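Asks: got a predicted model here, sequence first, then my questions.
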Amino acid sequence: MTYDKKTIEDIDVSGKRVLVRCDFNVPQDATGAITADKRIVESLPTIRYLVGHGARVILCSHLGRPKGTVNPKYTLAPVAVRLSELLGQPVALAADVIGPDAQGKAAALKDGEVLLLENVRFHAEEEKNDPAFAKALADLAELYVNDAFGTAHRAHASTAGVADYLPAVCGYLIGKEIGVMGKALQDPKRPFVAVLGGAKVSDKLGVINNLLDKVDTLIIGGAMAYTFALAKGGKVGTSLVEPDKTAYALDMLKKAEAKGVGFLLPVDNLCADRFAADATPVPFDAGAIPDNMMGLDIGPRTVKLFSDALKAAGTVVWNGPMGVFEFDAFAEGTRAVARAIADSGAISIIGGGDSAAAVEQLGFADKMTHISTGGGASLEFLEGLELPGIACLLDK
Ligand code: ADP
Ligand code: MG
């Protein structure tokens, strides 16, 4: 897959009806009030560009999981209100995604006006990528812009299907995701160091395998590391492990050796007798964890080992916390790695929902080059998979 895609700046949008797939899947409280408008704010540069260049803007998004039926609980009405406040201009809401009201309102748009369609997942055809539904959606517009990275790994009608009927380009959000991550994977500034962690090896099989083809050094922390320790014959106590993945772990160690890729695993761990915020952290050497203890963070010697490896990095890709960062007593490993990445001056890319949350929570968000907005999508990207919502866009 090429990551060199046409953007909104590469086509003439003036006077054209432009369908934009956004990610307005915002968190809401029990009354439906939006509790964080970050996703709406992040969509503004693309919308403002289109408005400023005289496009007739038709926005669409999903919100929650209405599972293919109309459910007022998941209406995009609160998004229309907030977006209108942020843009400083009216944002009309169509009663449905397709159908007479959407058609009438789309056709009546004047240059620079903005219309928001109702939740695309009110129709079961959306997630099935039904061609007739995609065509009806595409018929509202003359151009398609995908700016929803979080759903780009899904071939849905509004994320990929519409591109069968319309010229398709990316907005600024997807443009930045593929610009920074695509460059790192294709032509990284070296040394290229990847840091992987988090809960499960089985979630990251493809990521480990793909990154071993690209990086100079691979660092593994988090619960994943215990499956590697077990594979090497170590004692891991009651740590989270996947015994059925030890053969895979050994394969990956062999692959690294054959390729001359540095492979760093923890040398010590902070452990506890139970999975709890108030448990007392006790350090043990890796592979020597007592039967009644579980590893919940990397230990101090590992912090030093990983930090030293990160110091000289030119590019860092990080996915997966080093420990249970949600518990203060076991957040230090994740914090130290975040600090080492920030201090390295490397191009730094954070992928994965919990990793992004950790970096924000620990106060390092503004020190990173790029925090990917798509959890699942960024993982598939790092796996080297083709993302349908990106593959469908016009090449430069
Ligand atoms: P991401 O969403 O960034 O891809 P994951 O979902 O793979 O990351 O992993 C994040 C979770 O892994 C966090 O909730 C964290 O508490 C958990 N985790 C990290 N280390 C451990 C550990 N040693 N034991 C149990 N859970 C862990
Ligand atoms: Mg996660």
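Replies: Happy to help now that I have it. Ligands and ions are numbered 1, 2, ... in the order given.

Asks: show me what contacts residue 346?
Replies: 189, 193, 310, 313, 314, 315, 316 (Cβ atoms under 8 Å, 6 or more residues apart in numbering). (Each C-beta comes from the backbone N, C-alpha and C, glycine too.)

Asks: contacts only, for the first one.
Replies: If a contact means Cβ under 8 Å, 6+ apart, then residue 189 has 314, 315, 346, 347 as its contacts.

Asks: apply 6 Å and report the result again.
Replies: 314, 315, 347 (Cβ atoms under 6 Å, 6 or more residues apart in numbering).

Asks: mind checking pLDDT for it?
Replies: Listed pLDDT for residue 189 reads 96.

Asks: pick the one among the contacts of residue 346 closest to ligand 1.
Replies: Using Cβ to the nearest ligand atom, residue 316 comes nearest to ligand 1 of the contacts of residue 346, at 14.5 Å.

Asks: and the helix or strand the closest one falls within, average pLDDT?
Replies: Using DSSP states H and E, residue 316 sits within strand 315-319. Confidence for strand 315-319, expressed as mean pLDDT, is 96.

Asks: hmm, it touching ligand 2?
Replies: No. Remark: strand 315-319 sits outside contact range of ligand 2, by Cβ under 5 Å from the ion, the gap being at least 9.2 Å.

Asks: in its sheet, what does that strand sit against?
Replies: strand 192-196 (parallel), strand 347-350 (parallel) (DSSP bridges).

Asks: farthest-apart pair in the contacts of residue 346, please.
Replies: 189 and 310 (13.8 Å; Cβ to Cβ).

Asks: mind listing the helices for the stretch 251-396 of the chain?
Replies: 300-311, 332-344, 353-361, 375-382, 388-391 (DSSP state H, counting those that start in this stretch).

Asks: show me the strands in the stretch 201-350 of the chain, by range?
Replies: Taking DSSP state E, counting those that start in this stretch to define them, one finds strands in the stretch 201-350 of the chain at 217-220, 235-236, 262-264, 268-272, 282-285, 288-289, 294-298, 315-319, 347-350.

Asks: any chance of those strands in CSV, plus distance to ligand 1 and mean neighbour count?
Replies: Below are these laid out as CSV (distance: least, Cβ to the nearest ligand atom, whole Å; neighbours: other Cβ atoms under 10 Å):
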stretch, distance to ligand 1, mean neighbour count
strand 217-220, 11, 25
strand 235-236, 10, 20
strand 262-264, 16, 18
strand 268-272, 8, 25
strand 282-285, 13, 15
strand 288-289, 11, 18
strand 294-298, 5, 28
strand 315-319, 5, 28
strand 347-350, 8, 24
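
Asks: can you give me the domain assignment for the chain?
Replies: Structurally, the chain divides into domains by automatic domain parsing as follows: 8-173, 180-382.

Asks: how far does the shortest one sit from its chain's centre?
Replies: Same thing as domain 8-173. Centroid displacement of domain 8-173 relative to its chain, using Cα atoms, centre = their mean, to the nearest Å, is 19 Å.

Asks: repeat for stretch 254-270
Replies: Computed by Cα atoms, centre = their mean, the chain-centroid distance of stretch 254-270 equals 25 Å.

Asks: residues making contact with it?
Replies: With contact meaning Cβ under 6 Å, 6+ apart, stretch 254-270 is reached by 212, 217-221, 225, 228, 281, 283-286, 295-299, 301-302, 309.

Asks: ditto for stretch 286-298
Replies: 221, 226, 229, 234-239, 266-273, 322-324, 330, 333.

Asks: ends of that stretch, how far apart?
Replies: 9 Å (Cα to Cα, to the nearest Å).

Asks: give me the mean pLDDT for that stretch.
Replies: On average, stretch 286-298 scores 98.

Asks: likewise for stretch 111-125?
Replies: Mean predicted lDDT for stretch 111-125 stands at 98.

Asks: return the set of buried residues in that stretch.
Replies: Using 16 or more other Cβ atoms under 10 Å as the burial criterion, the residues of stretch 111-125 that qualify are 112-123, 125.

Asks: one step back: the domains of the chain: which one's closest to residue 394?
Replies: Of these, nearest to residue 394 by Cβ to Cβ is domain 8-173, at 5.9 Å.

Asks: out of everything not next to it in sequence, what's closest to the residue in the stretch 51-200 of the chain that ligand 2 sits nearest to?
Replies: Closest contact between the stretch 51-200 of the chain and ligand 2, by Cβ to the ion, is at residue 198 (6.3 Å). Once flanking residues are discounted, residue 198 sits nearest to residue 320: 2.9 Å by Cβ to Cβ, 6 or more residues apart in numbering.
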